[in-house]
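Visitor: I need the structure of the sequence given here:
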Amino acid sequence: MTVIESRVPAPDTVAVLGAGSWGTTFAKILADAASTTGVERRIRIWGRRAGVVDQINAEHRNEQYLKDIELPHAVTASTDVAEVLQDAGLVVLAVPAQSLRPQLGEWKRLLAPDAIVVSLMKGLELGTDARMSEVIAQELGIPESRVVVVSGPNLAMEIAREQPTASVVACSDADTAAAIALCCTAPYFRPYTSTDVVGVEIGGIVKNVIALAVGICEGRQMGDNTKASVITRGLAETSRLALALGGEAHTMAGLAGLGDLVATCSSALSRNHTAGRLLGEGLSLEQVAEQMTQTAEGIKSGPAVHELAGKLNVEMPITAAVVAVLEGKMSVDDLGPRLLARALKSEGDY
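Guide: Prediction:
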């Protein structure tokens, strides 16, 4: 067994940009990991809403996103991004994928020159089809060796409740990945490391689209056979795209592939599964947005995934069907027969 070690020093100040459920939960993970090892670490969250920030500071809670979860006292918050980023050796990004690039343009001058940047986001940028790690490296002008991706079966509320889970910390530089893994190893959160950034990101991106499909099936009262079939063939679609981009097959069989897909497609806590179910029940996209407090990234990223697959000549019939529903070109009633619409062939023939 390989034990995780790193020559990269652990940061003592962390900035988490984004006070939603996953950003706040990851801040808790970092604080609990430090407390377990006796390390002093300051974790500061940036949030837009003064009410959320004030509650984190005064009551050590973020009830809008994490209900009654108590946050460690090492976690504080501010609406002043410059204050949050000051002297932060680790910067964690947990903002909506489609708003990332313009925000990075505003934040670049505030980052420490040697900061490591971690992406918690799972989306493709519309218009460029860029993965979040690519947007970060481009906009901040930093090498890939300082950009880290965290992905896996990461349903925030379960982790905030300290229900055990495993995840993947990916970076092109193995030492950097190991350093961040050590920073977020809490009693209930077990990270594994990877250098397959492409595979880890694509797994986290496409699963949102597949979860929409599964949610729609549930909303149309289709059975478990249907949902299991969509999940399985959805993994095949994800694998085809990841491999075409240079990702590794074993990543798709792991936590960032199959693990994340199963959790996101199966759980009522999944935003994308919930959005799909509401669409399947007959709600419009506007009505779905009104009912949800957080972004379902699959709705935004689906068209970008479909476009990227077209550029690479990768067959993704489930993704194509979901995008057709999102764009109003297909009704949810017609989705079922289209989900598995490929020419007959061997299952092993991806």
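Visitor: Report the contact partners of residue 169.
Guide: 148-150, 177, 180-181, 184, 191-194 (C-beta atoms under 8 Å, 6 or more residues apart in numbering). Every residue, glycine included, has its C-beta placed from N, CA and C.
Visitor: Where does pLDDT dip in the protein?
Guide: 1-10, 339-350 (pLDDT under 70).
Visitor: Quick check, central residue of it?
Guide: In the chain, the residue lying closest to the centroid (C-alpha atoms, centre = their mean) is residue 122, at 3.6 Å.
Visitor: does it really touch residue 297, like I thought?
Guide: Yes - using C-beta atoms under 8 Å, residue 122 makes contact with residue 297 at a distance of 5.6 Å.
Visitor: Quick check: neighbours shared by those two?
Guide: With C-beta under 8 Å, 6+ apart, residue 122 and residue 297 have common neighbours 97, 205, 208.
Visitor: could you pull out the strands for this protein?
Guide: 13-17, 42-46, 75-78, 90-93, 116-119, 147-151, 165-170, 189-194 (DSSP state E).
Visitor: possible to save those strands as TSV with distance to residue 332?
Guide: Below are the strands of the chain laid out as TSV (distance: least, C-beta to C-beta, whole Å):
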stretch	distance to residue 332
strand 13-17	36
strand 42-46	38
strand 75-78	40
strand 90-93	33
strand 116-119	32
strand 147-151	28
strand 165-170	32
strand 189-194	36
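Visitor: So which of those strands is nearest residue 63?
Guide: strand 75-78 (13.2 Å; C-beta to C-beta).
Visitor: could I get the longest helix seen in the chain in PDB with only the CA atoms?
Guide: In the chain, assigned by DSSP state H, the helix with the most residues is helix 197-219. Extracted in PDB, the C-alpha atoms of helix 197-219 (Å, rounded to 0.1, in the frame of the first residue of the first chain):
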ATOM      1  CA  VAL A 197      -7.000  15.600 -14.300                       C
ATOM      2  CA  VAL A 198      -8.800  15.200 -17.600                       C
ATOM      3  CA  GLY A 199     -10.500  12.000 -16.600                       C
ATOM      4  CA  VAL A 200     -11.500  13.200 -13.100                       C
ATOM      5  CA  GLU A 201     -13.000  16.400 -14.500                       C
ATOM      6  CA  ILE A 202     -14.900  14.800 -17.300                       C
ATOM      7  CA  GLY A 203     -16.300  12.200 -14.900                       C
ATOM      8  CA  GLY A 204     -17.600  15.100 -12.700                       C
ATOM      9  CA  ILE A 205     -19.000  17.000 -15.700                       C
ATOM     10  CA  VAL A 206     -20.900  14.400 -17.700                       C
ATOM     11  CA  LYS A 207     -22.400  12.700 -14.600                       C
ATOM     12  CA  ASN A 208     -24.500  15.900 -14.100                       C
ATOM     13  CA  VAL A 209     -26.000  15.500 -17.600                       C
ATOM     14  CA  ILE A 210     -26.700  11.800 -17.000                       C
ATOM     15  CA  ALA A 211     -28.300  12.600 -13.600                       C
ATOM     16  CA  LEU A 212     -30.700  14.900 -15.400                       C
ATOM     17  CA  ALA A 213     -31.700  12.000 -17.600                       C
ATOM     18  CA  VAL A 214     -32.200   9.700 -14.600                       C
ATOM     19  CA  GLY A 215     -34.200  12.400 -12.800                       C
ATOM     20  CA  ILE A 216     -36.400  12.900 -15.900                       C
ATOM     21  CA  CYS A 217     -37.000   9.100 -16.000                       C
ATOM     22  CA  GLU A 218     -38.000   9.200 -12.300                       C
ATOM     23  CA  GLY A 219     -40.300  12.200 -13.000                       C
END
